[in-house]
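> Any chance you can model this:
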Amino acid sequence: MPYTLYRWDDPGAPAPLNGQSNANTLINVLDACLVTGYGAKAPAGWSKPFTAANQAAFRQGAGSNGFYLHLDASPLWHDKVRGYESMTAIDAGTNPFPTVAQRSDLVAARSSSSDGSGRPWLVAADARRFFLWMNYQGTLAQGLASTTYQPAFFFGDLESPNTGDAFNTLISGGISNGNSTFLGYASHGASNAEFMPRNFAGTGGAVAVMKTTHVPFQSTSLIGAVANAPAFPDPVTGSLLLSPIEVFDTSGCVSRGVLPGIWAPGHNLPGSPGDVLTGVNGPLAGKRLMLLDVAAASSRARIALEIP
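As a prediction, the model looks like this:
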């Protein structure tokens, strides 16, 4: 998965995130990563067709479903987010996911404080999707290290077994103040913070979806925190055991695809956040993977992200 990796500490990177109302720090980060580029980093190939005061709408790029992500930066601590199949203006879109009735408070977090304290961020993106990680309570010096909360956000197309699925775009965020994030959870039922625009047949409106892993012994919902799992590194292969993270329609349990480049470790919190490992066999041989925490300290989850 050839993501471009963007970080808060890159030369020329946009300012760190903060929790101030109307500061537009998340919009600025996504604009730089997805649309304009910065320093030596080329943009991921998205566009930003609509803007207004403290709002922006980003559109997926080449090879994608071409859907839109709307952000509202007016709240403290987080941006309100919503996907649309199409938009004609910053405040006019059709077929939202989720609908307001399904979720009026879906968010992408920025900071646990309402002041200008800078928070580290990381974006992995291509023209079809992006993954966003934030150190919600961490200082810039702490960087990728574990703190109380590390919310994550995903918007974009899944890698789907159904090549005719024109609605396989996922939005995965948090709720309320943003410190409750769902990317690190295998929901085993309809999530209240993960939605797609239509069901697998392409009918109806927005649907809540669930996701799961193929990890044995996954008795809890926390990805990468598997009690009774093999030690890390795996004593047989000497490597990191990984599983895809698969997304399903809750009605009929139909697979919609997997999160591209985001893997579930088959261990109990292997390594440390920020560790970079190299795949040794199978489809990940030779690929670089970064370990990241994506949940609260009291319920830690850990993923492996493919990086350049």
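> residues of stretch 156-174 that come out buried?
When burial is assessed from 16 or more other CB atoms under 10 Å, stretch 156-174 yields the following buried residues: 156-160, 165-174. C-beta coordinates here come from the backbone N, C-alpha and C atoms, glycine included.
> what about that stretch, how long is it end to end?
Start to finish, the residues bounding stretch 156-174 are 16 Å apart (CA to CA, to the nearest Å).
> residue contacts, the closest residue to residue 11 other than its chain neighbours?
When the adjacent residues along the chain are set aside, residue 11 lies closest to residue 39, with 4.6 Å between them (CB to CB, 6 or more residues apart in numbering). Contact analysis of residue 39 by CB atoms under 8 Å, 6 or more residues apart in numbering lists 10, 11, 12, 13.
> Next: residue 287.
When contacts are taken as CB under 8 Å, 6+ apart, residue 287 is in contact with 278, 279, 306.
> mind pulling up the phi and psi values for the last one?
Note on residue 306: its backbone torsions stand at phi -70, psi 130 [degrees, to the nearest 10].
> in which helix or strand would I find the residue lying closest to it once chain neighbours are set aside?
Counting by CB to CB, 6+ apart, the nearest residue to residue 306 once its immediate chain neighbours are dropped is residue 261, at 3.8 Å. Counting by DSSP states H and E, the element that carries residue 261 is strand 255-265.
> What is that strand packed up against?
Using 3 or more CB pairs under 8 Å, 6 or more residues apart in numbering; DSSP states H and E as the contact criterion, the elements in contact with strand 255-265 are strand 129-134, strand 152-157, strand 207-213, strand 242-249, strand 302-307.
> so can I have JSON lines of those strands showing mean pLDDT and distance to residue 185?
What follows is the helices and strands packed on strand 255-265, written out as JSON lines (pLDDT from 0 to 100; distance: least, CB to CB, whole Å):
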{"stretch": "strand 129-134", "mean pLDDT": "96", "distance to residue 185": "15"}
{"stretch": "strand 152-157", "mean pLDDT": "96", "distance to residue 185": "11"}
{"stretch": "strand 207-213", "mean pLDDT": "91", "distance to residue 185": "8"}
{"stretch": "strand 242-249", "mean pLDDT": "93", "distance to residue 185": "10"}
{"stretch": "strand 302-307", "mean pLDDT": "95", "distance to residue 185": "11"}
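> For residue 224, find the nearest of those strands.
Taking CB to CB, strand 302-307 is the member of the helices and strands packed on strand 255-265 nearest to residue 224, at 3.4 Å.
> Before we go further, residue 26 is sitting in a strand, right?
No - looking at residue 26 with DSSP: H, G, I helix; E, B strand; the rest coil, it is helix, so not inside a strand.
> got the contact list for the host helix or strand of residue 70?
Following DSSP H and E, one finds residue 70 within strand 68-72. For strand 68-72, the external contacting residues (CB under 8 Å, 6+ apart) are 26-27, 30, 49, 54-60, 79-87, 90, 93, 108, 155, 171.
> In PyMOL, how would I select the buried members of those?
This is the PyMOL syntax for the buried subset of the contacts of strand 68-72, where burial follows 16+ other CB under 10 Å:
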select buried, resi 26+27+30+54+55+56+57+58+59+60+79+80+81+82+83+84+85+87+90+93+108+155+171
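> Among the contacts of strand 68-72, which ones are in strands?
49, 55-59, 79-87, 93, 108, 155, 171 (DSSP state E).
> quick one on the thing from earlier: looking at it, the residue nearest to residue 306 is touching residue 305, isn't it?
Yes - under the criterion of CB atoms under 8 Å, residue 261 makes contact with residue 305 at 6.5 Å.
> which neighbours do the two share?
Joint contacts of residue 261 and residue 305 (CB under 8 Å, 6+ apart) are 124, 131.
> Look at these two and report which has more neighbours.
Neighbour tally, residue 261 and residue 305, criterion other CB atoms under 10 Å: the higher count belongs to residue 305, 23 against 19.
> Quick check: bridge partners of the more buried one?
When bridges are assigned using DSSP bridges, the partners listed for residue 305 are residue 262, residue 290.
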